[in-house]
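Peer 1: what shape does this take:
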Amino acid sequence: MYLRLYKTRGLQIMRNVLLDFKGSLNKAMVASLGIATVLLWSLSSFAQGTAIATAKMDATQIAVGDQARLFIEVQSDPAAGRLQWAVVPDTFNNLEITDRSKIDTIKQGSRVIYKQRLTLTGFDSGVFKIPAVVFSVIPNSGTPYTVQTDSFSLLVQTVAVDTTKAFRGIKNIIYVKSTWLDYIWYIVGALVFVVLIVVVLLYFLKNRKEKPAPKKAVLSLQDKTLQLLNQLEARQLWQKRQVKEYYIELTDIVRNYIEARFNTPALELTTDEILYKAQFHREMQPYHALLAEVLHTADLAKFAKFQPLPQEHSDAMDKARKFVDTTRPKEVAPETNPAPTANTTTITPPSTENTNPRQ
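Peer 2: Numbering: from 1, shown residues only. The predicted structure is shown next:
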């Protein structure tokens, strides 16, 4: 009886072992067949220029507000078809993309590898799914297809708080030391503004119309001579008993005026010679007596040590002024008489010469 029991037990064990071996063998065959199929599909895909998309994460869990990076890589053959980059929204499944790197390209033979980095963060705790990133491929011939990356799960955890410790106050603001580089754009703007102001000022200064300088009043010869006489009188030489010096300067002023006004070398002539020329000079002849009184009084004071009275000093100055002022050249008025016409009769005035033979 016991022998039969042992036989039966042994047969069941062997049967179970054979069944387990058969199942393992089937699983191995199925797995081998699947691997072979994947390899054949991959080889055929590479042969046909199919794109491949992969992705990886640098972290599977983060604290609230921290960041994780998703690295995307796509291999494609530009000669076989055109790759359309996937559009990933900025926010999905309580996660946000805070930064996107530019798409880098690396050429390997006939294929091109595209890479991009996405920076993710989350502000709610929990496990959130990062969906697969889908790319479209438009082949040169054939039907468009898509390739996609794997999906990932990201655990966002809250910050652990130790409730056994006392609360801490809020820290004050920590000010960061600034340098001049922090104000570089303000400095550049100020310099540009100053340069603009200088350019505008130079432009207006260069192109402004200068106002003509006011013309100074040109004094006539008579006015200049009268100024010299006034200055001589203001010096009060004869009042200071400098009678000779007073008359020397007075006659010099008068003689210089005669030279300039009447073109006569009065500085080289004696008093008598001057008066002689004045007697026969058409313009000086009316003032011969006036000029003679001034020059004779001056000669007496200079050479004969004559002491004129105070009134005579003043009279000599007044007569010199009168001589200069009254000998101003007379302005000739333009003729206003109309020219005679053909119908005008010219009347000749009678001669004023005395025709009486007795006279």
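Peer 1: so where's the stretch 201-350 of the chain uncertain?
Peer 2: Low-confidence regions of the stretch 201-350 of the chain, defined by pLDDT under 70, span residues 209-217, 331-350.
Peer 1: give me the helices and strands touching the top strand by length along the chain, please.
Peer 2: Assignment by DSSP state E gives strand 111-122 as the longest strand of the chain. Secondary structure elements in contact with strand 111-122, counted by 3 or more C-beta pairs under 8 Å, 6 or more residues apart in numbering; DSSP states H and E, are strand 67-76, strand 95-100, strand 104-108, strand 152-157. Where C-beta positions appear, they are placed from N, C-alpha and C, glycine not excepted.
Peer 1: where does pLDDT dip in the stretch 1-150 of the chain?
Peer 2: Low-confidence segments of the stretch 1-150 of the chain (pLDDT under 70): 1-49.
Peer 1: so Gln148 sits right up against Ser136, yeah?
Peer 2: No. Taking contacts as C-beta atoms under 8 Å, Gln148 lies outside contact range of Ser136: 10.1 Å.
Peer 1: show me the helices in this protein, by range?
Peer 2: 2-48, 184-207, 221-234, 243-262, 271-280, 288-303, 310-326 (DSSP state H).
Peer 1: just give the nearest non-adjacent residue to Thr326, would you?
Peer 2: Excluding the flanking residues, the one nearest Thr326 by C-beta to C-beta, 6 or more residues apart in numbering is Tyr287, at 6.6 Å.
Peer 1: could you measure the one you found against Lys322, distance?
Peer 2: 8 Å (C-beta to C-beta, to the nearest Å).
Peer 1: comparing those two, which shows the higher neighbour count?
Peer 2: With other C-beta atoms under 10 Å as the criterion, Tyr287 and Lys322 differ in neighbour count, and Tyr287 comes out ahead with 17 against 13.
Peer 1: ok, the more buried one - contacts?
Peer 2: Ala278, Phe323, Thr326, Thr327 (C-beta atoms under 8 Å, 6 or more residues apart in numbering).
Peer 1: and the furthest pair within these?
Peer 2: Using C-beta to C-beta, the contacts of Tyr287 reach their maximum pairwise distance at Ala278 and Thr326, which is 13.6 Å.
Peer 1: look at the two and report which has more neighbours.
Peer 2: The residue with more neighbours, out of Ala278 and Thr326, is Ala278; 23 against 11, by other C-beta under 10 Å.
Peer 1: right, and the more buried one touches Pro286 too?
Peer 2: No. When contacts are counted by C-beta under 8 Å, Ala278 is not listed as touching Pro286 (9.6 Å).
Peer 1: near Gly81, how many other residues are there?
Peer 2: If you count neighbours by other C-beta under 10 Å, Gly81 ends up with 21.
Peer 1: could you find the closest non-adjacent residue to it?
Peer 2: Counting by C-beta to C-beta, 6+ apart, the nearest residue to Gly81 once its immediate chain neighbours are dropped is Pro139, at 3.6 Å.
Peer 1: out of the helices and strands packed on strand 111-122, which is closest to Thr179?
Peer 2: Checking these against Thr179 by C-beta to C-beta gives strand 95-100 as the closest, at 26.5 Å.
Peer 1: which strands or helices does the closest one pack on?
Peer 2: Other elements packing on strand 95-100 under the criterion 3+ C-beta pairs under 8 Å, 6+ apart are strand 111-122.
Peer 1: and the strand it packs on, which residues are buried?
Peer 2: Judged by neighbour count (16 or more other C-beta atoms under 10 Å), strand 111-122 contains these buried residues: Arg111, Val112, Tyr114, Gln116, Leu118, Leu120, Thr121, Gly122.
Peer 1: nearest to Leu221 among these?
Peer 2: Distance to Leu221, by C-beta to C-beta, is smallest for Gln116 among these, at 99.4 Å.
Peer 1: about what we covered before: just want the angle from the longest strand of the chain to strand 67-76.
Peer 2: Here strand 111-122 runs at 160 degrees with respect to strand 67-76, directions being taken by axes from the mean of the first three to the mean of the last three C-alpha atoms, to 10 degrees.
Peer 1: and the contacts of strand 111-122?
Peer 2: With contacts defined as C-beta under 8 Å, 6+ apart, strand 111-122 is touched by 62, 64-78, 83, 85, 88, 94-107, 128, 130, 154, 156.
Peer 1: neighbouring strands of it in the sheet, and parallel or not?
Peer 2: The sheet places strand 111-122 alongside strand 67-76 (antiparallel), strand 95-100 (antiparallel), strand 104-108 (antiparallel), with pairing taken from DSSP bridges.
Peer 1: any idea how far Lys224 is from Cys218?
Peer 2: Quick fix: residue 218 is Val, not Cys. Counting by C-beta to C-beta - Val218 and Lys224 are separated by 10 Å.
Peer 1: neighbour count for these two, which is higher?
Peer 2: For the pair Val218 and Lys224, the greater number of neighbours falls to Lys224 (15 against 7), based on other C-beta under 10 Å.
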